[in-house]
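A.B. asks: The following comprises the amino acid sequence and a computationally predicted model.
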Amino acid sequence: MEQLLDIQGLSVEVLNGGRYYKAVEQVGFQIGKGETVGLVGESGCGKSLTALSIMGLLPETARAGGRVLFRGRDLLSLTEEEKCVFRGRDISIVFQEPMTALNPLVPVGRQIAEAFLLHHTGSRAEAREAAIGMMRQVGLSRAPSLYWEYPHQLSGGMKQRVVICMALINRPALLIADEPTTALDVTIQFQILELIRQLNRTLSATVLFISHDLGVVKEVCSRLLVMYAGLIVEEGGTEDVLRHPMHPYTRQLLASIPTAQNRGRDLYSIPGAVAPLDKRKPDVCPFSDRCAQASAVCFSAAPALRGLNGRRVRCFLAGGEAIERC
Amino acid sequence: MIKKAGRNTNFKVGAILLCLFLILLILSLICTPYDPNKMNTQAKFQPPSFQHLLGTDNFGRDIFSRVMKGAQTVCFVGFTSVAIGLAAGFILGAVSGYLGGPADEVIMRLMDAQMAFPGIILALVLITLIGPGSVSTALALGVTAVPRFCRITRACFMQIKELDYIKAAKSRGASVPRLIACHILPNMLSPLIVTATLAFSTAILAEAGLSYLGLGIQPPQPSWGKMLFEAQAYLLTNPWYAFIPGCMITLTVLGFNLLGDGLRDLTDTKTL
Amino acid sequence: MSAVEPLLELRDLSRYYRVKSKKNPFLKQQIKAVDRLSLSIYPGETFGLVGESGCGKSTAGHVLAGILPPTAGEIRYGGKSFSAMSGREKAAARREIQIVLQDPSASLNPKRKIGWIVGEPLLINADYSKQARQRLVAEMLETVGLDESCASRYPHELSGGQRQRVNIAAALMLASKLLVADEVVSALDVSVQSQILNLLKKLQRTRQLTYLFISHDLNVVQYMSDRLGVMYLGRLVEYGAVDDIYGDARHPYTKALLSTMPSVADRGVERIILEGEVPSLLAPPSGCAFHTRCRQARDLCRQTPPEMREICRGHYACCHFALENKG
């Protein structure tokens, strides 16, 4: 598989009260062409910051370090002008809230056409043609009449389709979807997930799918990255990770999800809360303070992300016996 | 809060200016260097000196004493008009914003009708009807300030009454007065305070304007606007006479505006 | 269950809104946010109410909690109709029905300390000395798993999960019996969500609480509820025991909803993708409200609204073909 994105040792520091704190650390992963990769974690784990630093859209109060290689080019070292060229053309992003991602005063079709003209030279008629074609592909069947409608005339699901359409109009090599279905209803969410799956099949779009919901990620992603407190703690095939989680955090997170099986019993709940940025200790395992299996070694050093049975996990105990008992 | 106030330049400068105004006001209540209304034809148009700190006017009255006495007038007119505007505006705005529907329509159209007149013209009409003087000036300026308070109160009520904590309190049996006093009012205090300080400075300016036109404060009661009017004739020969009341008006209004801006910045931070 | 008197009964409860018409600003249009909702909730059970946004599940909860007045219909609490109660009885009933709202940050007054917020229901409804109130507040904070020191803090100093605990504490302060939980965990992370769900379960055991659990998350509702109602466009379309509904849904909407619920577990069910979106409440479809998205829709569905039919004991579905839609 051709490698599209190669992130090496990415770190993001955010400014808080005059000091920089590490919110994302040592994040490294690859995405191959045509893959759908899920990035999951709870709020504050750094998944959105990772996405923003790939796009070069970090706020001014944050700075990124490390390397983000896209087709061999380091995106972090680009100038603002160079970033404008690759954004939208090579990598696009879809955000959570479709309501705020669209300009309320411009017809939706025009917004898509304008996104097209940013990276293509062509007449307005050609742009319109391209926009309507793409609108059909994302399942907006009334495309010609929808072209002239304003965002407030569309429902939430249709708006999200328009946003996805804008992101895909320039056929980017990589689509980053940052919680694209969180604001939508279940049946609409499923339509959008189905759309992403279908785009992956037909256009072989590469997708980095960011979500807090493991069930949603399972629907679309073949590979899964789990983040905790700014670090990748586990990586592997989606089915493998969900069936046989190796990291205690993944395991306990899965146990906290209510399902038909644990009805009538108390849910597992992870004690405590994620340490705030200013209280994180870099020299111990980040999950050690909440981990039921933690032993002396976990408090003595920070574990590295190591390969295990074709997967990667950041835990001293993974693969050993103690951890299997949970 | 106090720490942040120290870093906010607007707030600091505004507070210093208003402190100076307050000191002047308090001193004027205790004593003034001269009787502000006592004329002395022998000492007309004296330039500033140690005897008369800011000189004397066309009747030989001590300008410093008149400025001090004028601060009382400013304060009276400012506070009374803001109080009238705030009270009436808050009640109307609260009814309008809380009830909505026909009551809201009626009150808002009334306010629109009033806002269609320029404030100073409305005040002129009112004063013509009830006669000049400091009380009627305050009343007229208070009435012109009502729509401003009404609108801001209505907007706050409409926004806050839809919030979840109001619903929660309602479901726990809180009465309407309680909802307003304990839940809505504390959360709309900052826009209200800011509007009040800005309305205060508007009132000072409007009072100066009305007195300048001869309709506001009546002689011999000293008023900064009136002083400015009287000084106008002697602008070329005795510029300090016009400069001093003008300066006082500017500084006081500036003080209130800066304080208002500063308070907005300070209180407008994260509510949650 | 039928031997037990229901704690709460809704009979044809409706809540309509009047909104300005988009085409003509002088015309008012009626929106039926909740339309003839009838259900019974028995003491000690958890009744789940699910549906997509705009289906009226939250409005129903708000009407129950007294935040909104009903437009029509009857609420019976403890066997007595609200309209037949004296003022004092009504106030007592209102105290026993409490609500916890969705957004843990918006449902706390940002200018008040936690202790004040939790103690406010006592301040309004009962006559306690300040010391007694403080003691009760401290006890309640402990019950919901918060430190006593929280009482002197402001809402913005707490995390989302802690704020939701505060909301629960305030709702329980009046010894309430029926708790309307309106999307209480949807704004929370999974690990915090499980803590709150466990807390609700524990409180239900120790205080014999009855829950009306409103949520759009089918996994959570399945875990929490004993019985379940599914709403679509202001109407109840199916209700019954959780196992009946999840195992043998008869309404096509319920089936679609269940098949699309994301889950980490493997399920071998066929996925039903619903076409289109929920129609506008301003122009509800004729006949069965669901026919615009239903794969089985026939002429009958477009013309005649279906009646609630009993499938088996306690399991009802509002579909012309409910009895045929097996499995």
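C.D. replies: Good, I have the coordinates.
A.B. asks: What ranges does the chain have for its helices?
C.D. replies: You didn't pick a chain, so chain A it is. For chain A, the helices defined by DSSP state H occupy A:47-55, A:80-86, A:98-101, A:108-119, A:124-137, A:143-146, A:156-168, A:186-202, A:214-220, A:238-243, A:248-255.
A.B. asks: You answered for a different chain; I wanted chain C.
C.D. replies: With DSSP H as the criterion, chain C has helices spanning C:57-64, C:87-96, C:114-125, C:130-143, C:160-172, C:190-207, C:218-224, C:242-247, C:252-260, C:299-303.
A.B. asks: average pLDDT across the third one?
C.D. replies: Right, the one you point to is helix C:114-125. On average, the pLDDT along helix C:114-125 is 92.
A.B. asks: among the helices of chain A, which is nearest residue B:83?
C.D. replies: Closest approach to residue B:83 among the helices of chain A (Cβ to Cβ): helix A:98-101, 41.8 Å. Glycine gets a C-beta too; all of them are placed from N, C-alpha and C.
A.B. asks: Spatially nearest residue to the one residue in the stretch 1-150 of chain A that gets nearest to chain C (excluding sequence neighbours)?
C.D. replies: The nearest approach of the stretch 1-150 of chain A to chain C comes at residue A:42, 4.0 Å away (Cβ to the nearest Cβ). Take residue A:42 and drop its neighbours on the chain: the residue closest to it by Cβ to Cβ, 6 or more residues apart in numbering or on different chains is residue C:189, 4.0 Å away.
A.B. asks: The one you found reaches residue A:212, doesn't it?
C.D. replies: Yes - at 6.5 Å, residue C:189 counts as touching residue A:212 under the criterion of Cβ atoms under 8 Å.
A.B. asks: between those two, which one's more packed in?
C.D. replies: Neighbour count, other Cβ atoms under 10 Å in any protein chain shown: between residue C:189 and residue A:212, residue C:189 has more, with 22 against 16.
A.B. asks: Let me see the contact set for that one.
C.D. replies: A:42, A:43, A:212, C:160 (Cβ atoms under 8 Å, 6 or more residues apart in numbering or on different chains).
A.B. asks: what's the spacing between it and residue B:70?
C.D. replies: Using Cβ to Cβ, to the nearest Å, we find residue C:189 at a distance of 62 Å from residue B:70.
A.B. asks: shared neighbours of residue C:189 and residue A:212, which are they?
C.D. replies: Taking Cβ under 8 Å, 6+ apart as the criterion, residue C:189 and residue A:212 both touch A:42, A:43.
A.B. asks: Below-threshold pLDDT in the chain: ranges please.
C.D. replies: Went with chain A since none was named. Chain A contains residues with pLDDT under 70 at A:321-326.
A.B. asks: um, chain C though
C.D. replies: C:1-3, C:22-23, C:266-269, C:326-327.
A.B. asks: how about the helices of chain C, which one is nearest residue A:81?
C.D. replies: helix C:160-172 (40.3 Å).
A.B. asks: For that closest one, list the C-alpha coordinates in CSV.
C.D. replies: Taking C-alpha atoms only, helix C:160-172 is exported to CSV below (Å, rounded to 0.1, in the frame of the first residue of the first chain):
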residue,chain,number,x,y,z
GLY,C,160,-19.1,18.1,33.5
GLY,C,161,-19.7,14.9,35.4
GLN,C,162,-19.6,16.8,38.7
ARG,C,163,-22.1,19.4,37.5
GLN,C,164,-24.5,16.6,36.5
ARG,C,165,-24.2,15.2,40.0
VAL,C,166,-25.1,18.6,41.3
ASN,C,167,-28.2,18.7,39.1
ILE,C,168,-29.2,15.3,40.4
ALA,C,169,-28.6,16.4,44.0
ALA,C,170,-30.8,19.4,43.5
ALA,C,171,-33.6,17.3,41.9
LEU,C,172,-33.5,14.8,44.8
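A.B. asks: Show me what it packs onto, helices and strands only.
C.D. replies: Here helix C:160-172 touches helix B:164-171, strand C:97-100, helix C:114-125, helix C:130-143, helix C:190-207, going by 3 or more Cβ pairs under 8 Å, 6 or more residues apart in numbering or on different chains; DSSP states H and E.
A.B. asks: For the shortest one, name the packing helices and strands.
C.D. replies: The one in question is strand C:97-100. In terms of contacts (3+ Cβ pairs under 8 Å, 6+ apart), strand C:97-100 is packed against helix B:164-171, helix C:57-64, helix C:160-172, strand C:178-182.
A.B. asks: For the ones you listed, give me TSV that also has mean neighbour count.
C.D. replies: Output for these, formatted as TSV (neighbours: other Cβ atoms under 10 Å in any protein chain shown):
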stretch	mean neighbour count
helix B:164-171	23
helix C:57-64	25
helix C:160-172	25
strand C:178-182	26
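A.B. asks: TSV for these, including distance to residue A:173?
C.D. replies: TSV is the format used below for the helices and strands packed on strand C:97-100 (distance: least, Cβ to Cβ, whole Å):
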stretch	distance to residue A:173
helix B:164-171	44
helix C:57-64	42
helix C:160-172	37
strand C:178-182	43
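A.B. asks: what's the closest of these to residue A:4?
C.D. replies: Judging the helices and strands packed on strand C:97-100 by Cβ to Cβ, what sits closest to residue A:4 is helix C:160-172, at 35.8 Å.
A.B. asks: if I read this right, residue A:62 contacts residue A:15, doesn't it?
C.D. replies: Yes - the criterion here is Cβ under 8 Å, and residue A:62 meets it with residue A:15 at 6.9 Å.
A.B. asks: Neighbour count: those two, which is higher?
C.D. replies: Ranked by neighbour count (other Cβ under 10 Å), residue A:62 and residue A:15 place residue A:62 first, with 18 against 13.
A.B. asks: tell me the contacts of the more buried one?
C.D. replies: Residues near residue A:62 by Cβ under 8 Å, 6+ apart: A:12, A:13, A:14, A:15, A:23, A:49, A:52, A:53.
A.B. asks: now swap in residue A:236 and tell me
C.D. replies: Contacts of residue A:236 by Cβ under 8 Å, 6+ apart are A:223, A:224, A:246, A:310, A:311, A:312.
A.B. asks: Neighbours of residue C:129, how many?
C.D. replies: So residue C:129, with other Cβ under 10 Å, has 8 neighbours.
A.B. asks: how far away is it from residue A:257?
C.D. replies: Separation of residue C:129 from residue A:257 (Cβ to Cβ): 45 Å.
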